[in-house]
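[1] Sequence first, then the predicted structure, then my questions.
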Amino acid sequence: MAKIVISALLCLAMFGSMVLSSPECPFPNGRFASGDQCDAYTECLDDVPTPKLCPDGLLFHQRTKATGECTYAPYSTCKERARLQPANGTDECPRQFGFYPNGDETKCGVYRNCAHGVASLTKCPEGLAFNEETYQCDWPDLVGSCNAEAFLGFNCPAAEPVDAIAPEVDVSPEGELRYYRHPQTCKKYFVCVNGHPRLYNCGKYLAFNSESKLCDFYNKVPECYALLKEKQKLKAEKQGKF
């Protein structure tokens, strides 16, 4: 009889524990996405839920079933949870945290890195523009808020017609490619992709060869080699060697 009573009490205790367990805590301890708000989460400690918010501008990312952290937008997993806390921005930053364009479509290689409402300016590698959707530096023609031509200072010439027929533009992912040397230096060149420029750099000791459409040694590009020799001569004269 005593065993039956003890078993009944254990079952009652287990059932009571299940009833008292908070529906906001799938596990007794951990962090869990909260409702339809992407920057909100619930922190559970021994089945006791505490609602919390990420810092303004960061979103909650559910890493595992019971762990998660506040992170930047492209790295979160919000899906349908689109609601956010009201913005608490400053004159420099739309929100306290995040990466944002500088607002000038002709200078889209510079973006604002905001932390605690204070912005620091960061530069992309030469020729690339900041893409707010991916938080990465990208080709300027792939960034909606960037004017690639104004940013790079180069307009792609129209393709020359063949037999008075305008060439068709290749709209495949690779696009229509045309190559042009940079008007101010032999080290750089532009690749026009579907009529929009992208800047490339050959690097040290190399020049763009318009015939092969590749970077080449200076002595294989006569016009650039002549410019290089002239530049070396002027430098030597300036240093008093001649």
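    Thanks, I have the structure now.
[2] C-alpha from now on. contacts and neighbour counts both.
    Noted.
[3] Could you find the closest non-adjacent residue to residue 28?
    Among residues not flanking residue 28 along the chain, residue 47 sits closest, at 4.1 Å (CA to CA, 6 or more residues apart in numbering).
[4] Got the domain ranges for this protein?
    30-75, 98-152, 178-238 (the TED database).
[5] how about the helices in the chain?
    For the chain, the helices defined by DSSP state H cover 2-20, 148-152, 222-238.
[6] From residue 99, how far out is the residue lying closest to residue 36 once chain neighbours are set aside?
    Residue nearest to residue 36 in three dimensions, not counting chain neighbours: residue 81, with 4.2 Å by CA to CA, 6+ apart. To residue 99, residue 81 is 21 Å away according to CA to CA, to the nearest Å.
[7] who's more crowded, these two?
    Using other CA atoms under 10 Å, the more surrounded residue of residue 81 and residue 99 is residue 99, with 26 against 15.
[8] give the contact list for that one.
    Residue 99 makes contact with 111, 112, 113, 114, 132, 135 under the criterion CA atoms under 8 Å, 6 or more residues apart in numbering.
[9] again, only this time at 6 Å
    By CA atoms under 6 Å, 6 or more residues apart in numbering, the contact set of residue 99 is 112, 113.
[10] what pairs with the residue nearest the centre of the chain across the strands?
    The centroid of the chain falls nearest to residue 136 when counting by CA atoms, centre = their mean (1.8 Å). Here residue 136 sits in beta bridges with residue 131, going by DSSP bridges.
[11] follow-up on the earlier one: rebuild the domains of the chain as JSON lines, extending it with distance to residue 90.
    Shown next, in JSON lines, are the domains of the chain (distance: least, CA to CA, whole Å):
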{"stretch": "domain 30-75", "distance to residue 90": "11"}
{"stretch": "domain 98-152", "distance to residue 90": "6"}
{"stretch": "domain 178-238", "distance to residue 90": "34"}
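[12] so can I have a markdown table of those showing distance to residue 88 and mean pLDDT?
    A markdown table is the format used below for the domains of the chain (distance: least, CA to CA, whole Å; pLDDT from 0 to 100):
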| stretch | distance to residue 88 | mean pLDDT |
| --- | --- | --- |
| domain 30-75 | 7 | 95 |
| domain 98-152 | 8 | 95 |
| domain 178-238 | 37 | 90 |
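[13] which one of the ones you listed lies closest to residue 159?
    Within the domains of the chain, the stretch nearest residue 159 is domain 178-238; the backing value is 8.5 Å (CA to CA).
[14] related to what we said a few turns ago, let me see the contact set for the residue nearest to residue 36.
    Contacts of residue 81 by CA under 6 Å, 6+ apart are 36, 37, 38.
[15] same thing but 8 Å
    35, 36, 37, 38.
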